[in-house]
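# Sequence first, predicted model second:
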2 protein chains.
Amino acid sequence: MDRARGLLPPEGIDITEPCVVRDVADRVGDRWSLLVLGHLANAPQRFNALHRIIGDISKQVLSRTLRRLEEDGFVSRTVHDLTPPQVEYALTPMGWSFLEPMRMLLDWAEAHHNAIVRARNDFAAGQKP
Amino acid sequence: MDRARGLLPPEGIDITEPCVVRDVADRVGDRWSLLVLGHLANAPQRFNALHRIIGDISKQVLSRTLRRLEEDGFVSRTVHDLTPPQVEYALTPMGWSFLEPMRMLLDWAEAHHNAIVRARNDFAAGQKP
DNA sequence: CAGAATCCGAGCCGATACTG
DNA sequence: CAGTATCGGCTCGGATTCTG
């Protein structure tokens, strides 16, 4: 796949600051963050709305996920003082800007998902017998 | 940041298959995989060469990281039967193709690293006192 | 409605020691 | 040279229960 290579600078990829990418991977590489960001990209949502939409996430984990995303500036949390209380989560400008590389990743994942599954099976077949 | 919004389809982001992106995030979201892929993008490397270049990774963890990347088809492993033995790791075509979205992510991470650190500090300042 | 408290199990990371 | 074996610690995810 030489065309892929053509997209790179002569020296390949420069990984001089692993700590930098770690800050992103730590936040976004977990089980639910990408999913939550994807849903907030469709529309701002309240807590239980997100909980219903995603379905198989516990409130505990959703709470932690949202707070971490808020902590790193991907998501904003605004409290409307009503009864019953309403808390709305939305993407910050930084959260919006992250959607572009995120979309690249999702597209790549979808395009290569079958290849990954096949590679896994081939590897297992080569090890077992 | 409406320009970011303009890059998206009307409905935002479609997260209909969370399991698909999980297959990628599971492999690439860990502590070392991106770093290893970045170095193999520069040149194929042998085990101890990678170990020296990366520096602060144990042989144990490097071994596991490489095997998982091999298992999912990002990396190839070829044994040259010599004394002393030589094992060369290189990117597969799929591994090469992954460099493009990966580069997007790295660029974004570098561009927003300071903003993330600032957001973290602001959040901590808002909670503590 | 929007969480917090608590406890559990799984998996990853790391260091050290050993092997063909 | 290129790993494996073993053990420990830590964090993450999940289920359950309780609160303002």
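Thanks, I have the structure now.
# Could you use CA atoms for every contact and neighbour count after this?
Noted.
# Chain neighbours aside, what residue packs nearest to residue A:116?
Spatially, and ignoring its direct neighbours in sequence, residue A:116 is nearest to residue B:72 (5.3 Å; CA to CA, 6 or more residues apart in numbering or on different chains).
# Spit out the contact partners of that neighbour.
A:116, A:117, A:119, A:120, A:123, B:27 (CA atoms under 8 Å, 6 or more residues apart in numbering or on different chains).
# what does chain A put close to DNA strand C?
For chain A, the residues in contact with DNA strand C (CA under 7 Å from any atom of the strand) are A:46-49, A:59-60, A:63-64, A:84-88.
# rewinding a little: quick one: the residue nearest to residue A:116 from residue B:95, how far?
Separation of residue B:72 from residue B:95 (CA to CA, to the nearest Å): 10 Å.
# Show me which residues of stretch A:45-64 are buried.
Neighbour counts over stretch A:45-64 (16 or more other CA atoms under 10 Å in any protein chain shown) mark A:45, A:46, A:47, A:50, A:51, A:54, A:62 as buried.
# hmm, I was thinking of stretch A:22-42
In stretch A:22-42, counting by 16+ other CA under 10 Å, buried: A:22-25, A:27-42.
# and the end-to-end length of it?
Stretch A:22-42 has an end-to-end distance of 27 Å (criterion: CA to CA).
# Filter the residues of chain A next to DNA strand C down to the ones in strands?
Using DSSP state E, the members of the residues of chain A next to DNA strand C that fall in strands are A:46, A:86, A:87, A:88.
# Give me the ChimeraX select line for the residues you listed, limited to the buried ones.
Buried members of those, defined by 16+ other CA under 10 Å, are picked up in ChimeraX with:
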select /A:46
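# Stretch A:30-37 close to DNA strand D?
Yes. Using CA under 7 Å from any atom of the strand, stretch A:30-37 reaches DNA strand D at A:30, A:31, A:32.
# before we move on, back to that, now the contacts of residue B:72 as JSON lines including secondary structure and distance to residue B:107?
Output for these, formatted as JSON lines (DSSP: H, G, I helix; E, B strand; the rest coil; distance: CA to CA, whole Å):
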{"residue": "A:116", "secondary structure": "helix", "distance to residue B:107": "25"}
{"residue": "A:117", "secondary structure": "helix", "distance to residue B:107": "28"}
{"residue": "A:119", "secondary structure": "helix", "distance to residue B:107": "28"}
{"residue": "A:120", "secondary structure": "helix", "distance to residue B:107": "29"}
{"residue": "A:123", "secondary structure": "helix", "distance to residue B:107": "32"}
{"residue": "B:27", "secondary structure": "helix", "distance to residue B:107": "20"}
